[in-house]
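Visitor: Predicted structure and sequence below. I'll ask about it afterward.
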Amino acid sequence: MSFRHETLPNGLEVIAEVSDSALSASVGFFVNTGSRDESDQTWGVSHFLEHMVFKGTDTLSADDINRRFDDLGAAANAFTSEEDTVYYASVLPENQREAVELIGSILRPAIREEDFETEKLVILEEIQMYDDQPPFGADDICRAAFFAGHPAARSVLGTLDSVRGIGIDQMRDYHRRRYAADNVVLAATGAIDFAELVETAKRVCGDWEPCPAAPRACSLPSRACGGGDEVIREQVMREAAALEYVIRLSAGPDGDDPDRYAAKWLAMMLGDESGSRFYWEFIDSGAADYASCHHQDFLDAGVFGVQLSSDAESIEEIIERAEEILADVTANGLTAGEMEQARSKLASRIVLSGERARRRLFGVGLEWAHSRRYRSVADDLGVVETLTAADLGRLLDRWPLSGSHATVLAGPLESSSAGGEPSVAAASKPQ
Amino acid sequence: MKQTLHSAILDNGIILLGEELPDLESVAVAFHVPAGGIHDGPGRCGLASLTSEMMLRGAGTRDSRTLIEDFAMAGINWSNAVSTTHATYFGAMVARRLPEAMPIYADIIRRPLLPEDQFESGQQVVLQGLAGTDDDPSHRTLLALKKLAFPAPWGLPSEGLAGDVEQLTPAAVSGFAHRHVRPDGMIVAAAGRLDWPDFVTRMEGLFADWQPGDAAGVQSGARGGRWQHVEHDSQQTHIAIAWSVPPYSSDDSYEATAALSVLGGGTSSRFFTEVRERRGLCYSVSAGYSTQRDFASAICYAGTSSERAQQTLDVMLEEIERLPASITDAELGRVKARAKSGLVMQQESSSSRAGGIARQWYHLGRVRSLADELERLDRLSVSSVRNWLERNPPADLSIVSLGRNPLEVPRELSA
């Protein structure tokens, strides 16, 4: 396994983790843009643009693009998040050059009026599809409440109204600014020919213009930083839902914080699908349908997300019990046995996901896109093996789980406040 | 590409399969026990699932908590699942931990405690899972479709029916485990960085003295009607369509899967192009292949907003009807390229291969080599696919819609 890196004259960076034993090649263009780079007027444009990229260039139709991906036998797709838009493909090594050429070409889309209107309909379908599924919008509402006033508060898809309101010129302008050469990383993993990768990138992307990207830094609400003791709670009625769904967010380390590894470790002890505190309390007993905890990091913020679901009658009891567990862990930490089990599971998962080039692509690409760092599987394993109880203590001290948080319920229970205003109270201080 | 496959059969009938993938650090092992949902019995839909849930609540000298902790300490990514035919106990781990994992699985399969004091909890877990799937409209649509298109008990949901699960007893669970968790018909597949002789020796030590039981037959019943609408208060309407195609064991299954891939496989498929790209009717539309040992089905799916659902169904039916006479060389070339990539990329995953070789043995009684699969794919031609489609055009469609309003189905289909 070796790491390679080169920057083109226009600022586009090319990186690769090259494996001698891989059978496939994965390539991805990581554009440093997402919903946090939108305004209220362009809410949803990052994701909408991701769809438009597949609708054609000046020389390729949408059908041409779809056919070419399938001709290459590519497992190809794209996704948009708060901070990234990623276009990727996994192919057999002999198709590396063509895959890079194809994705590189479509990143300069024609954005035609007719396609824009048709694809808008697909986006509206996608929004409705998610709205019919658990957690029935509770995640978006909770994110909005927790990050109120910060760009991370916006959902990635946007709303039916915001997407309807996006104009084609707004999208073209957004594309010019955000898809500039120096705002894109081409990352590759697996059986990669690096010299050819750089040569292809120069040929396909060499004439892309750089553009100084607007700074992303933005002051965060105190909740998102772990300060304060404010508690937000909101309840949304979804009559057709069979179960009640709960999302709870509290602050955690950001993507640049060394404590983010301890945060993943803690989340595993608390809410992994097997053997965690939540598992024994809620899942083993059949009290809840689902109970999990995860840590997610952004450039300038991080969150611990708790998800719970159960029949509506039991949900208040389950939330109360979850709060007790979070307060107990914040005050008393976890046992040596829990720490060793979670360490062993975490290490095993790092090895397993490291074996597949297409999974490695996201880890390697996002790490570089965010912080210009490369970390091998061995680097990650090294950190996990040396995490200590002291690390966990410091983490919980900096981001007490029982501190300020936002909780949103969606399901058959009646809404708590008719006006839709979230209720606010003070959190109980950890002992 | 060099491929090292192994198989062995223990005297009691347990099939052992292995594939060496020496470039990997991991190994995956899957124990497929012939205790799937088709054995539930009338009025006991969900018994196989509840039994599988109970089997993980302590085994041998390990109580429920110790069992899960032992999995964690060995770094085993474990899961269990119940399909129509099998209960599967699966684990992926760093290869050197396999000797620790195997005795845990042997305990679960041969010496489950099935603790009565945890019966209610186990029952609750199954019921919670069922309530959760009520909130998944596409899943509900496909369940309703299977009930229409497949003969009972194959069309019944292996996750169970709430009314039946509520009536189950600890005695039913232990009876089911005793009768259906057995060596004959069990397939154990391991793939990854595998020491095959050592694996066989350990399996013999753990399982060779286990005696087979009486054969368990399954009586196939009638299938459901042809067309059903399920009322559901949702923004989208979900549509699912099925018809009969040859099972995986038939050589024709290559032609059938190729035809379905042209219809709704990749982003250049007919469905994706006509339903999503040209008309923007939906986000999600596809066609796929679902097989049992003796029969198989084409399954098409789309989810779309209610006001455009009728048009979506109409376009899908048009594309299904148009398919037989119209497949082109270029389309088939893309199908082959996608299938070939998929086969090669599977070799990078111990979990995929452990699943793949077991599936092949169940359906074919042998494991096809990668070279054989690629050679058979190469033999696919436009004329072979067209000829097959001419002889077996999509017919006797079963159609389910789920949403606010029923759709109109052409008279010849709704008869």
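Guide: Perfect, I can see it now.

Visitor: where's A:Val27 relative to B:Gly342, distance?
Guide: Counting by Cβ to Cβ, to the nearest Å, the separation of A:Val27 from B:Gly342 is 18 Å. For every residue, glycine as well, the C-beta is placed using N, CA and C.

Visitor: just A:Asp297 next, same as before
Guide: Using Cβ to Cβ, A:Asp297 is found at 33 Å from B:Gly342.

Visitor: Please apply the same query to B:Gly163.
Guide: 40 Å.

Visitor: now B:Gly46
Guide: From B:Gly46 across to B:Gly342, the span is 33 Å (Cβ to Cβ).

Visitor: Neighbour count: these two, which is higher?
Guide: B:Gly46 (29 against 13; other Cβ atoms under 10 Å in any protein chain shown).

Visitor: for the residue nearest to that one when sequence neighbours are not counted, what are its contacts?
Guide: Nearest residue to B:Gly46 in three dimensions, chain neighbours excluded: B:Gly160, at 2.0 Å (Cβ to Cβ, 6 or more residues apart in numbering or on different chains). Counting by Cβ atoms under 8 Å, 6 or more residues apart in numbering or on different chains, B:Gly160 makes contact with B:Gly37, B:Asp40, B:Cys45, B:Gly46, B:Leu47, B:Ser49, B:Leu50, B:Val126, B:Leu130.

Visitor: same thing with A:Phe278?
Guide: A:Leu270, A:Gly271, A:Ala291, A:Ser292, A:Cys293, A:Ala322, A:Ile325 are the contacts of A:Phe278 under Cβ under 8 Å, 6+ apart.

Visitor: Just the pLDDT at the third one, thanks.
Guide: Here the pLDDT value assigned to A:Ala291 is 97.

Visitor: Please settle this for me: is it part of a strand?
Guide: Yes - judged by DSSP: H, G, I helix; E, B strand; the rest coil, A:Ala291 forms part of a strand.

Visitor: pretty sure it contacts A:Ile319?
Guide: No - using Cβ atoms under 8 Å, A:Ala291 is not in contact with A:Ile319; the gap is 10.6 Å.

Visitor: can you list residues touching both of these two?
Guide: Joint contacts of A:Ala291 and A:Ile319 (Cβ under 8 Å, 6+ apart) are A:Leu308.

Visitor: Compare the two (neighbour count), which wins?
Guide: The neighbour count for A:Ala291 versus A:Ile319, taken as other Cβ under 10 Å, is higher for A:Ala291 (26 against 19).

Visitor: can you pull the contacts of the more buried one?
Guide: A:Gly271, A:Phe278, A:Tyr279, A:Glu281, A:Phe282, A:Ile283, A:Val306, A:Gln307, A:Leu308, A:Ser309, A:Ile318, A:Ala322.

Visitor: quick one on the thing from earlier: chain A: which of the contacts of B:Gly160 is nearest?
Guide: B:Val126 (7.8 Å; Cβ to the nearest Cβ).

Visitor: Over to that closest one. Which of the three states is it?
Guide: Quick answer, by three-state DSSP: B:Val126 is helix.

Visitor: how close does the residue of chain A found nearest chain B get to B:Ala298?
Guide: The minimum distance from chain A to chain B, using Cβ to the nearest Cβ, falls at A:Gly286 (2.4 Å). According to Cβ to Cβ, A:Gly286 stands 37 Å off from B:Ala298.
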